[in-house]
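>>> Provided below are the primary sequence and the corresponding predicted coordinates.
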Amino acid sequence: VTLFRRARIYTPLDTGRPAAGPAQGRIESWDGGALLVRDGRIAAVGEESEVLGALGAADRRAVQEVDCGGRCMIPGFVDPHTHLCFVVPREREFLARIEGADYLSILRDGGGIHATVESVRASTEEDLYAATRDRALSALRLGTTTVEIKSGYGLSLDSELKQLRVIARVGRETPLSVVPTLLAAHAVPAEYSGRADAYVEHVAAVVIPRVAEEGLAAYCDVFCERGVFSVPHTERILLAARNAGLGCRLHADELDEGGGAALAGRLRVASADHLLAATDAGLRAMADGGVIAVLLPITAFTLRRPYARARAMVDLGLPVAIATDCNAGSACVESMGFAFGLAVLQMGLSVAETLTAVTLNAAYALGLGDTVGCLAPGRPADLLVLHGESPGILAFRAGVSVVDEVYKAGVRV
Ligand SMILES: [Zn+2]
């Protein structure tokens, strides 16, 4: 039994569905807050006097107290979009890009994702695991307690399976909760160059059934973008995934408006991610389809592109979540705190809306809205103590880690 005292507690409240529109900015807070943990789960949370009332006699003998000294407590971050499973980041290419080369031309030159694919295919499972684990543990230190990790750097049956086994192992052997996503349709692999249709068939008919049979993925994702996978390709793959029992999500309208958001709405997928170029019609289709918008401000920042229109999305009634998109090329930053700062400072979201975006709505994007993402009785005590008085410290001191303490299921990690 652990009792956190003298905390300024801020949390979204779960109403049974993703927080959209004005609800995205509705946050509960207690200035003189306390939180009681029993067996790794939250037993009580609220004003200290009320929480003390929930302490039984047996609790009083066993209780360990943590004095937060007036610091802020929030739920652990849920990062709903990462590509953490790779060996080495492409630092040199990043420098070339900031000096003017664009992503699709780097791709055509065999650089970009193909370089990462080659190294992932060539690496041993053990080396890939060690690199992925280290990156995941860094995210944990920065406050992420639940993380989605995609495959998509293998692009062949064997190496996608290898990535997914590594991702599952990170979930078993680190404190993080991990949600695995199959992203075999991240790019067309070199051996299928010019034969995207054939690769799509291979993914739909061979890769998806095998991954589903082995139970290695909760979701299937597609990089739906002009010049990569078209809307019909994306639909073919996602319908095959749904048929195999996987949840669906997609990378949509990142570089160009290509119909990805509209498709997401039509298929009623869990989330459509990026959306830098999404139109109002696409966003409305998403809202109608109950799709969560997962925005990736760090990628826009590192690619020096205009941010997704987060303010317009919230005003349209779309539930917005925020993720890091940590990957080997464009944005190799696993800090949800930094994404939080960008959302507030650059995307026009309020601190309260952003807090919901990095916790509860992110949890909903992963199908975990009833499990994690807020501080409420019965949920695992996944929480952060910040070096400040409110979650606004994440924006005020963006770029510095203000996460003093990380607790996963009530245990300090
Ligand atoms: Zn991505």
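All right, it came through fine. Residues are numbered from 1 along each chain as shown.
>>> centroid residue for the chain?
Centroid-nearest residue in the chain, with C-alpha atoms, centre = their mean: residue 80, separated by 1.7 Å.
>>> isn't that one up against residue 360?
No. Residue 80 is not in contact with residue 360 according to C-beta atoms under 8 Å; the separation is 11.1 Å. Any C-beta I mention is one placed from the backbone N, CA and C, and that applies to glycine too.
>>> what separates the residue nearest to the centre of the chain from residue 112, distance-wise?
Remark: distance between residue 80 and residue 112 (C-beta to C-beta, to the nearest Å) = 24 Å.
>>> got a list of contacts for the helix or strand in which residue 300 is found?
If you go by DSSP states H and E, residue 300 is part of helix 297-302. Counting contacts by C-beta atoms under 8 Å, 6 or more residues apart in numbering, the residues outside helix 297-302 that touch it are 94, 254, 274, 276, 305-308, 322, 324-326, 330-331, 333, 335, 338-339, 342-343, 346-347.
>>> got a list of what residue 196 touches?
Taking C-beta under 8 Å, 6+ apart, one finds 188, 229-230, 233 in contact with residue 196.
>>> change it to 10 Å
Contacts of residue 196 were listed using C-beta atoms under 10 Å, 6 or more residues apart in numbering, and they are 185, 187-188, 227-230, 233.
>>> what pLDDT is listed against residue 103?
The predicted local distance difference test score for residue 103 is 70.
>>> how many residues are close by it?
With neighbours defined by other C-beta atoms under 10 Å, the count for residue 103 comes to 19.
>>> one more: residue 232?
Close neighbours of residue 232, defined as other C-beta under 10 Å, add up to 12.
>>> do the same with residue 125
14.
>>> please apply the same query to residue 258.
Residue 258: 23 neighbours (other C-beta under 10 Å).
>>> please pull out the lowest mean pLDDT helix or strand from this protein.
Of all regular secondary-structure elements in the chain, judged by mean pLDDT, DSSP states H and E, the least confident is helix 103-108 with a mean of 73.
>>> and that one, how far out from the chain's middle?
25 Å (C-alpha atoms, centre = their mean, to the nearest Å).
>>> packing partners of it?
The helices and strands touching helix 103-108, judged by 3 or more C-beta pairs under 10 Å, 6 or more residues apart in numbering; DSSP states H and E, are helix 91-98, helix 113-122.
>>> just the ones you listed: most buried one?
Ranked by mean neighbour count under mean count of other C-beta atoms under 10 Å, those are led by helix 113-122, which reaches a mean of 20.
>>> I'd like the next helix or strand past that one.
Past helix 113-122, heading to the C-terminal end, the next element that is a helix or strand (DSSP H and E) is helix 125-141.
>>> what segments of the stretch 301-413 of the chain are helices?
Listed in chain order, the helices found in the stretch 301-413 of the chain under DSSP state H, counting those that start in this stretch are 310-316, 336-346, 351-358, 360-365, 393-396.
>>> buried set for the shortest one?
With burial defined by 16 or more other C-beta atoms under 10 Å, the residues of helix 393-396 counted as buried are 393-395.
>>> got the contact list for residue 197?
Taking C-beta under 10 Å, 6+ apart, we find residue 197 in contact with 188, 230, 232-233, 236.
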